[in-house]
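In: coords please:
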Amino acid sequence: MKLNIRHISLLSLALAASLGSSAQNTRSGYFLPDYTYRYEMNPAYENSLNFVSMPVLGNLNVNMHGTLGVSDVLYNIDGRTTTFLNPGISASEVMDNIGNSNRIGADIKITLLAAGFKAFGGYNTVTINARTSMGVRVPRSLFSLLKEGVTNNTYDITDFGARASAYGELALGHSHKINDKWRVGGALKILLGGAYMDARLNHAQLQLGTNDWSVVSNGEISASVKGLKYDTDINENTNHRYVSGADIDGTGLNGFGMAFDFGATYKPNKDWTLSLAFLDLGFISWNNNMLASTGGDKTFNTDRYTFNVDENKPNGFDNEWNKIKDDLSQLYELDDMGDQGSTTHGLGATMNLGVEYTLPAYRKLTFGLLNTTRIEGDYSWTEFRLSANIAPVKCFDASINMGAGTFGVGFGWLLNLHTKGFNMFLGMDHTLGKVTKQFVPLSSNASVNFGLNFPF
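Out: Numbering: from 1, shown residues only. Below is the predicted model of the structure:
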């Protein structure tokens with residue numbers, strides 16, 4: 001059981017740490033009036049000009065965020081990179097870097113095509129996006145189990161899980177000025193589901209003592225992908241058929257949904273602007289929900305095996321493992337429960353609450369404070385971002401900002417060049433710090449937003 005947990009957990013961490021991606025527009029552009037896509041953060045905002053996007057390159061947004069970094073699981077010993085499992089690294093050193101709840105998330109948003117135009121008494125937008133997101137959560141107790149090995153302790157790793165989704169989005173938005181103080185807006189989103197996966201341990205508790213073991217496991221994987229079927233194999237020792245892999249026969253849409261964005265801005269005077277938006281209030285109904293599950297709690301109790309930390313002893317871990325692995329194998333084997341029909345999941349709503357102050361002595365300079373809160377169950381997060389925004393000339397504006405929240409502290413910026421006929425922007429909510437040779441950020445927090453558009 002320990003070896004399988006070790007392999008699966010390390011693989012999950014490696015996959016999560018190597019992904020880079022973003023689910024929303026850069027928050028560094030929220031207070032820049034000529035940032036083309038700020039209407040996606042608050043549909044009440046309008047652009048000063050009509051525009052069309054460069055296909056695929058109009059708004060490329062990639063974001064990776066987490067509370068667990070590469071530097072927390074990879075170490076350098078004598079100039080060589082090794083994992084936290086290396087005996088040369090003490091358990092106390094490793095655990096000092098691990099929080100109680102560790103999460104890594106990655107999102108990608110690509111604007112395939114977008115346009116904005118003035119009509120119907122306001123400003124209108126049509127946007128076609130491709131979106132993907134993933135998240136992994138790993139409890140502190142799992143790191144303790146992997147690092148400490150078999151000790152007289154109880155480990156609860158119930159909080160271990162992973163989630164991923166991919167879907168297309170057609171958004172129709174409208175912004176309307178009520179009066180000199182109020183402006184409101186909204187967007188209707190038609191959602192086309194591609195794939196959804198949710199894996200979790202509903203119950204996983206291991207009491208590993210010197211003379212006896214008590215293990216309880218309850219896990220499942222729910223996957224909604226068109227044409228997906230689980231591969232199965234038979235455990236020759238137990239004659240039990242279990243899920244050994246998956247196969248996808250064909251591709252295509254596998255879900256349909258709808259969502260709404262709502263936003264408003266209020267300007268009590270010429271110096272202050274307040275704004276509030278609620279985004280992604282909706283759901284996707286997924287088809288072909290294939291379930292693999294342990295079928296409830298599976299338990300294992302034994303006092304037949306005694307483990308010794310000295311691998312050279314007859315009862316060293318490797319030797320005892322060969323005796324016990326067949327009994328334990330049934331705990332982590334999932335049964336193919338078949339197609340469960342359709343399943344509905346919310347997108348995870350986002351709230352943006354902002355306040356902006358224009359400097360009276362130099363009205364081309366503003367200061368903004370933005371709170372962004374993502375509500376998505378176990379994967380929820382919040383952030384506060386303080387920014388200084390300047391537009392020294394008509395064709396250029398920029399923002400520098402500092403964000404702090406669930407995923408730590410980060411420095412952001414955005415540069416925006418905009419003339420009639422051409423617009424290009426580049427920014428980051430989390431500027432890259434130290435990276436690995438593979439260009440993976442050691443902190444697991446990084447983002448980039450780039451776009452080419454044509455205002456007219």
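
In: where do the helices sit along the protein?
Out: With DSSP state H, the ranges of helices along the chain come out as 2-18, 70-73, 91-96, 140-148, 317-332.

In: Out of those, which gets the lowest mean score?
Out: Lowest mean pLDDT within the helices of the chain: helix 2-18, at a mean of 38.

In: List the contacts of the nearest residue to residue 396 once chain neighbours are set aside.
Out: Sequence neighbours aside, residue 417 is the residue nearest to residue 396 in space, at 5.6 Å (criterion: C-beta to C-beta, 6 or more residues apart in numbering). Yep, even glycine has a C-beta here, placed from its N, CA and C like the rest. With contact set as C-beta atoms under 8 Å, 6 or more residues apart in numbering, residue 417 has these partners: 395-396, 423-425.

In: Go through those and say which is closest to residue 369.
Out: Nearest to residue 369 among these, counting by C-beta to C-beta, is residue 425 at 21.6 Å.

In: tally of neighbours for that closest one?
Out: 25 (other C-beta atoms under 10 Å).

In: Would you enumerate the residues in contact with it?
Out: Each residue near residue 425 by C-beta under 8 Å, 6+ apart is listed here: 29, 35-36, 414-418, 449-451.

In: Need the pLDDT of it.
Out: pLDDT for residue 425: 98.

In: Residue 393 versus that one, what's the distance?
Out: Taking C-beta to C-beta, to the nearest Å as the measure, residue 425 falls 15 Å from residue 393.

In: how about stretch 70-90: buried residues?
Out: By neighbour count with 16 or more other C-beta atoms under 10 Å, stretch 70-90 contains the buried residues 70, 72-75, 84.

In: And the strands in the stretch 201-350 of the chain?
Out: With DSSP state E, counting those that start in this stretch, the ranges of strands along the stretch 201-350 of the chain come out as 213-225, 228-235, 240-248, 255-266, 272-286, 289-293, 298-302, 335-339, 343-346, 349-358.

In: Mean pLDDT for those - can I get that in JSON lines?
Out: Shown next, in JSON lines, are the strands of the stretch 201-350 of the chain (pLDDT from 0 to 100):
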{"stretch": "strand 213-225", "mean pLDDT": "88"}
{"stretch": "strand 228-235", "mean pLDDT": "89"}
{"stretch": "strand 240-248", "mean pLDDT": "87"}
{"stretch": "strand 255-266", "mean pLDDT": "97"}
{"stretch": "strand 272-286", "mean pLDDT": "97"}
{"stretch": "strand 289-293", "mean pLDDT": "93"}
{"stretch": "strand 298-302", "mean pLDDT": "77"}
{"stretch": "strand 335-339", "mean pLDDT": "92"}
{"stretch": "strand 343-346", "mean pLDDT": "92"}
{"stretch": "strand 349-358", "mean pLDDT": "97"}
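
In: right, and the ones you listed - which one's nearest residue 62?
Out: Of all those, it is strand 349-358 that lies closest to residue 62, at 17.4 Å by C-beta to C-beta.

In: Show me what the closest one pairs with in its sheet, parallel or antiparallel.
Out: strand 272-286 (antiparallel), strand 365-375 (antiparallel) (DSSP bridges).

In: what comes up buried for the last one?
Out: Looking back up the chat, that one is strand 365-375. The neighbour-count check on strand 365-375 (16+ other C-beta under 10 Å) flags 366, 368, 370-374 as buried.

In: Rebuild those as JSON lines, extending it with distance to residue 155.
Out: Output for the buried residues of strand 365-375, formatted as JSON lines (distance: C-beta to C-beta, whole Å):
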{"residue": "366", "distance to residue 155": "51"}
{"residue": "368", "distance to residue 155": "45"}
{"residue": "370", "distance to residue 155": "40"}
{"residue": "371", "distance to residue 155": "36"}
{"residue": "372", "distance to residue 155": "35"}
{"residue": "373", "distance to residue 155": "32"}
{"residue": "374", "distance to residue 155": "29"}
